[in-house]
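Participant: based on what follows, work out the 3D shape:
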Amino acid sequence: MKTLCLLALSLVLSSCAGYHLGGQKPAHLANITKLAVPTFENQTLEPRLSSVVTNSLIKQIQMDGSYQIVRKEDADAVLEGVISRVDRSQFRSVRRNVLRTSQLQMRLVVSYAVKDAASGRAIHVGGTSGMSYVILDSNVQNSEAQALDDAAQRVATTIANEISEGW
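Facilitator: Predicted coordinates:
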């Protein structure tokens, strides 16, 4: 009876032996714990977009908890990024006038690289885009700014997932 109980107990305890809490970093980023994220380079004409994207990414990485965000001097690696394009396209038109836009689709295109802090060698290179939709109202600039914030959040979520989960 004792051996049966011990056998059952060992099976129950060993059934989840391969699992652990926390994220599973990609193999090439496994030894990185401290990450610096300088302000992304903005190659578009949108003002303040680089700080919006960078701040969204830092918040997302901090929420994930896979990396500690530090200054460049204290980092194991540096995540550098470039905002290359902001595309706007008509998503919906006014019902009786197809030339007049009622809803825009905005797409934010970003490329990034995780580089070794000591050597500057690229460890991980990637690119992504984030889309958002905006219903045009009387204040078009405010609507577009909100859509860019949303697209930046989507980009940040994708980048954080790629460097912390590998997908």
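Participant: for the residue nearest to residue 134 when sequence neighbours are not counted, list the residues it contacts.
Facilitator: The shortest distance from residue 134 to any non-neighbouring residue, by CB to CB, 6 or more residues apart in numbering, is to residue 147 (3.8 Å). Every residue, glycine included, has its C-beta placed from N, CA and C. Counting by CB atoms under 8 Å, 6 or more residues apart in numbering, residue 147 touches 104, 106, 132, 133, 134.
Participant: of all those, which two lie farthest apart?
Facilitator: Comparing every pair within these by CB to CB identifies 104 and 132 as the most remote, at 9.0 Å.
Participant: once you drop chain neighbours, what's closest to residue 80?
Facilitator: Excluding its sequence neighbours, the residue lying closest to residue 80 (CB to CB, 6+ apart) is residue 113, at 5.5 Å.
Participant: off-centre distance for the longest strand along the chain?
Facilitator: Longest strand of the chain, by residue count under DSSP state E: strand 97-116. Strand 97-116 has its C-alpha centroid displaced from the chain centroid by 15 Å (CA atoms, centre = their mean, to the nearest Å).
Participant: adjust the sequence numbering to begin at 4 for everything that follows.
Facilitator: Yep, numbering from 4; the last one is strand 100-119 now.
Participant: about what we covered before: in what helix or strand does the residue nearest to residue 137 lie?
Facilitator: Residue 150 belongs to helix 143-167 when assigned by DSSP states H and E.
Participant: try residue 122
Facilitator: Assigned by DSSP H and E, residue 122 falls outside every helix and strand.
Participant: what's the pLDDT at it?
Facilitator: On the pLDDT scale, residue 122 is placed at 92.
Participant: over to residue 19?
Facilitator: Looking at residue 19, the pLDDT reads 58.
Participant: likewise the one 5 residues further on?
Facilitator: In this prediction, residue 24 carries a pLDDT score of 49.
Participant: over to the one 5 residues further on?
Facilitator: In this model, residue 29 is scored at 80, pLDDT.
Participant: just to check, it is in contact with residue 129?
Facilitator: No - the pair residue 29 / residue 129 is not scored as a contact, 10.8 Å apart, by CB atoms under 8 Å.
Participant: and those two? which has more neighbours close in?
Facilitator: Between residue 29 and residue 129, residue 29 has the larger neighbour count (other CB atoms under 10 Å), namely 17 against 14.
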